[in-house]
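Enquirer: This is a predicted model, with the sequence first.
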Amino acid sequence: MASVRGAQLRWARSGRLSSHRGLSSVIPRRILSIEQTGDPLVATGVDRVVESLPGIGPKALARQASTPFRLSPKFMKEYSSKKAPFGFNGLGELVYHRTYSRVREDGENEDWHDTVQRVVEGTFNMQKGWLQSSGLGWDESKKQIEAEEMFDRIFNFKFLPPGRGLWAMGSQLTEDR
């Protein structure tokens, strides 16, 4: 186990790297996982030590972007009053509220547009963090268009993420890991 600028690194004997946001060119190929911690650079009982990770801090390792991605309020206003096409004579909406709707900060359950917003913003936050930590470009206006298209397709049930994705994406569970 080693710690690099606040990130725990788990080492493997196989020499293979589990997929970690394109960091394989920077981090030795023996790391399996990364967890955020507050420890300084420490290496004990490992056969290789990461000496430095130029330009990559704990925020990047934890998939955090400098400013979180948000869908535009103007776009979201269009959907706040739209009725979602759940279908199945109300059964779909019942299952959604029972299974995938999270409790908001105000104590109320999310509506469908809230859930879709959380999922889309969470997905794009994760993508933004990965692209920035990999030194790849992030075009905010292009991603805004892509996110709006993704939102519309999910909202209208043209495609859906897995159930666990609907429940967890964009929550503290995925944002902090």
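Expert: Ah, there it is.

Enquirer: which residues in the protein form strands?
Expert: 2-4, 7-11, 31-36, 42-43 (DSSP state E).

Enquirer: Mean pLDDT lowest where, among the ones you listed?
Expert: Among the strands of the chain, strand 42-43 has the lowest mean pLDDT, at a mean of 36.

Enquirer: Run through the protein and note the low-pLDDT ranges.
Expert: 1-66, 177 (pLDDT under 70).

Enquirer: how does it look with 90?
Expert: Counting by pLDDT under 90, the chain shows low-confidence ranges at 1-67, 87, 132-133, 137, 172-177.

Enquirer: and the longest helix for it?
Expert: helix 112-133 (DSSP state H).

Enquirer: So which elements touch that one?
Expert: helix 58-61, helix 73-80, helix 91-99, helix 140-155, helix 163-168, helix 172-175 (3 or more Cβ pairs under 8 Å, 6 or more residues apart in numbering; DSSP states H and E). In short, each C-beta sits where N, CA and C put it, glycine included.

Enquirer: For that helix, buried residues please.
Expert: 112-133 (16 or more other Cβ atoms under 10 Å).

Enquirer: Now do that helix and helix 91-99, the angle between them.
Expert: Orientation check (axes from the mean of the first three to the mean of the last three Cα atoms, to 10 degrees): helix 112-133 against helix 91-99 gives 60 degrees.

Enquirer: Give the buried residues for stretch 138-149.
Expert: 138, 144, 147, 148.

Enquirer: ok, now stretch 152-162?
Expert: In stretch 152-162, counting by 16+ other Cβ under 10 Å, buried: 154, 155, 161.

Enquirer: want to throw the residues you listed into TSV with distance to residue 88?
Expert: Formatted as TSV, the buried residues of stretch 152-162 follow (distance: Cβ to Cβ, whole Å):
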residue	distance to residue 88
154	17
155	17
161	19
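
Enquirer: Out of those residues, which is nearest to residue 90?
Expert: Among those, residue 155 lies closest to residue 90 (Cβ to Cβ), at 17.9 Å.

Enquirer: wait, doesn't that closest one sit right on residue 83?
Expert: No. With contact defined as Cβ atoms under 8 Å, residue 155 does not count as touching residue 83 (10.5 Å).

Enquirer: where do the contact lists of those two overlap?
Expert: Common neighbours of residue 155 and residue 83, using Cβ atoms under 8 Å, 6 or more residues apart in numbering, do not exist here.

Enquirer: so can I have CSV of the helices and strands packed on helix 112-133 showing distance to residue 107?
Expert: CSV is the format used below for the helices and strands packed on helix 112-133 (distance: least, Cβ to Cβ, whole Å):
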stretch, distance to residue 107
helix 58-61, 30
helix 73-80, 19
helix 91-99, 15
helix 140-155, 24
helix 163-168, 18
helix 172-175, 17
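
Enquirer: So for residue 106, which of the ones you listed sits nearest?
Expert: helix 73-80 (14.8 Å).
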